[in-house]
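Colleague: Structure for the following, please:
(4 chains)
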There are 2 protein chains.
Amino acid sequence: MQIAQTLISRDNISDHVALAVRDMIVDGRLPPGERINEVHLSVQLGVSRTPLREALAKLAQEGALRSIPRIGYFVRELSLEEFEQIYTIRPILDPEALRLAGLPSPERMARLKALNDKIENARDPNAIIDLDDEWHLELIGECPNKVLIDFIKQMIQRTRRYEIALMRERKNVAVATANHKAIMSALRRRDLDAACSALRTNMQTGREPIVKWLKAREAKKGGK
Amino acid sequence: MQIAQTLISRDNISDHVALAVRDMIVDGRLPPGERINEVHLSVQLGVSRTPLREALAKLAQEGALRSIPRIGYFVRELSLEEFEQIYTIRPILDPEALRLAGLPSPERMARLKALNDKIENARDPNAIIDLDDEWHLELIGECPNKVLIDFIKQMIQRTRRYEIALMRERKNVAVATANHKAIMSALRRRDLDAACSALRTNMQTGREPIVKWLKAREAKKGGK
DNA sequence: AATTTATGAATTGTATACAGTATGCAGATA
DNA sequence: TATCTGCATACTGTATACAATTCATAAATT
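Modeller: The predicted model follows:
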């Protein structure tokens, strides 16, 4: 008979490295535009180039890095264009996922409320983003369309670097938690349609301040 | 001064290999469920394991392969679930891309018509799918949201294996080309909304026969 | 002085070697 | 006969070695 899958999935060095490098990109230790030196980075991480390269290839496919053959990997610049494009798609997909998920169970509602409270009290922008992402994934946790969820997760990864700027200002955090409350209140009224459109609003209000910040940032760079 | 990018982008062996293996999966030379033997496949392709592994990792991320750490890569089974999930998303995204693209230029309309004619005359299912995919990408070619286009491309790749079954029956080809005509006629009337909803219909009618085929297929397998 | 050309170092792409893990089979045990 | 144990083999994961290309610097040419 077939033995059950081993539960302890000791993952590969490649996977670990991918996580590590992704963190370095997200929190700015590898700044936008930076060229990756495979040899340096591999010794810094204490691994050989082989698993590092596998990780870099993965990150390139995720969109965090850009690969130019025979030249190297570069940390992708923050781009107003890319951000706007992603933030055009999420207000379409997230509400659809919620619609497919249906009204959340009482337990899920409780978790959503608890997460939102945590966001209100958190100070560190990184922690806030983690919690906000978790909140959104919890909201659509019941969605049976795993492909859709995976895609939303991809986009969450990809917009993290931008959102840090957003969550540095407490005003924006307050807006986000208020939006979450509006969504939850619609759900409590068992009004799925209203919740979906509140979610759409949530995504759209998150967008504006970041666009503004990016524009200022690009202007500064252009002026230099 | 900086030298212009070399135009001839001699791509890597890894990329070539990824193309080759993807083809082998799509056309069935590597059947669903098959385990990939890296050594055998690398000698068969005349390359070493290193670029092959990079290609396999890429295909795994695309969803064509499944990676089980320390055991290997497997060609993913055709799954009714996955297919239905993807075909729930495309009727949302494709029309949105068309909406963003706006009405096509006369030149693009001519190309769309020419492609649709080619589909009507083609016999080989593989060629038909190529043309159909090309038609859909041409339709939304003007869409400025490149992230959206990339995602649609990903899904096209991922559904190819399923669609072969669809296009083997000429009746379905006729339905597809008729749908395309409906879309084009709406566009000629400059009625973008109608075109978008015709596109939605197009995606949905493509879905049913494949679901039916997959169900029959799974029943057969379960019965064995 | 500005531009081009040559040369060597640094860096990426690929192949190979090695180590650790899974897999299958033969023999042992009940 | 059926199940378990130990061993040999095959395969994956990682490291290292080598080849090919890019990049930077300096000499040479105009």
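Colleague: for chain A, which spans come out with low pLDDT?
Modeller: A:1-10, A:221-224 (pLDDT under 70).
Colleague: Specify the local secondary structure of A:L148.
Modeller: Under the three-state scheme (DSSP: H, G, I helix; E, B strand; the rest coil), A:L148 adopts helix.
Colleague: residues contacting it?
Modeller: A:L93, A:E96, A:A97, A:L100, B:Q85, B:T88, B:I89 (CB atoms under 8 Å, 6 or more residues apart in numbering or on different chains). Backbone N, C-alpha and C define where each C-beta goes, glycine included.
Colleague: Out of these, which comes closest to DNA strand C?
Modeller: Of all the contacts of A:L148, DNA strand C sits closest to B:Q85, with 28.3 Å by CB to the nearest atom of the strand.
Colleague: quick one on the thing from earlier: tell me the most packed of the contacts of A:L148, by neighbour count.
Modeller: A:A97 (26 neighbours; other CB atoms under 10 Å in any protein chain shown).
Colleague: which residues does A:Y73 form a beta bridge with?
Modeller: A:S67 (DSSP bridges).
Colleague: close enough to count as contact, it and A:L56?
Modeller: Yes - here A:Y73 reaches A:L56: they are 5.0 Å apart, a contact under CB atoms under 8 Å.
Colleague: what helix or strand does the closest residue to A:Q204 other than its chain neighbours sit in?
Modeller: Nearest in space to A:Q204, with sequence neighbours left out and distances taken as CB to CB, 6 or more residues apart in numbering or on different chains, is A:P91 at 5.7 Å. Element membership of A:P91, judged by DSSP states H and E, is helix A:80-101.
Colleague: Strands along chain A, start to end?
Modeller: A:65-68, A:72-75 (DSSP state E).
Colleague: Which one of these lies nearest to A:P32?
Modeller: Taking CB to CB, strand A:72-75 is the member of those nearest to A:P32, at 5.3 Å.
Colleague: can you point me to the longest helix in chain A?
Modeller: The residue-count maximum for a helix in chain A (DSSP state H) belongs to helix A:192-223.
Colleague: Find the centremost residue of chain A, please.
Modeller: Nearest to the geometric centre of chain A sits A:I156, at 2.4 Å (CA atoms, centre = their mean).
Colleague: Run a quick neighbour tally on the closest residue to that one other than its chain neighbours.
Modeller: Residue nearest to A:I156 in three dimensions, not counting chain neighbours: A:D133, with 5.1 Å by CB to CB, 6+ apart. For A:D133, the neighbour count with other CB under 10 Å is 17.
Colleague: how close does A:D133 get to A:G206?
Modeller: Here A:D133 is placed at a distance of 12 Å from A:G206 (CB to CB, to the nearest Å).
Colleague: rewinding a little: list residues touching both of A:Y73 and A:L56?
Modeller: A:I36, A:E38, A:L65, A:S67.
Colleague: and A:E138, what is it in contact with?
Modeller: Per CB under 8 Å, 6+ apart, neighbours of A:E138: A:R108, A:R111, A:L112, A:L115.
Colleague: quick one: the helix holding A:P91 to chain centroid distance?
Modeller: Centroid separation for helix A:80-101 versus its chain: 12 Å, with CA atoms, centre = their mean, to the nearest Å.
Colleague: and the angle from that helix to helix A:192-223?
Modeller: Orientation check (axes from the mean of the first three to the mean of the last three CA atoms, to 10 degrees): helix A:80-101 against helix A:192-223 gives 170 degrees.
Colleague: Give the other helices and strands that helix A:80-101 contacts.
Modeller: Contacts defined by 3 or more CB pairs under 8 Å, 6 or more residues apart in numbering or on different chains; DSSP states H and E place helix A:80-101 against helix A:125-139, helix A:146-167, helix A:192-223, helix B:80-101, helix B:146-167.
Colleague: right, and those - which one's nearest B:S14?
Modeller: Per CB to CB, nearest to B:S14 of the helices and strands packed on helix A:80-101: helix B:146-167, 17.1 Å.
Colleague: Could you pull out the buried residues of the closest one?
Modeller: B:147-149, B:151-152, B:154-167 (16 or more other CB atoms under 10 Å in any protein chain shown).
Colleague: which parts of chain A sit against DNA strand C?
Modeller: A:6, A:35-40, A:49-50, A:53, A:67, A:69-73 (CB under 7 Å from any atom of the strand).
Colleague: Please report which of those has the highest neighbour count.
Modeller: A:Y73 (23 neighbours).
Colleague: got a list of what it touches?
Modeller: Applying CB under 8 Å, 6+ apart, the residues near A:Y73 are A:R35, A:I36, A:E38, A:L56, A:L59, A:A60, A:L65, A:R66, A:S67.
Colleague: Pull the contacting residues for the nearest residue to A:I128 once chain neighbours are set aside.
Modeller: Nearest non-adjacent residue to A:I128, counting by CB to CB, 6+ apart: A:M167, 4.5 Å away. By CB under 8 Å, 6+ apart, the contact list for A:M167 reads A:P125, A:I128, A:I129, A:D132, A:V173, A:A176.
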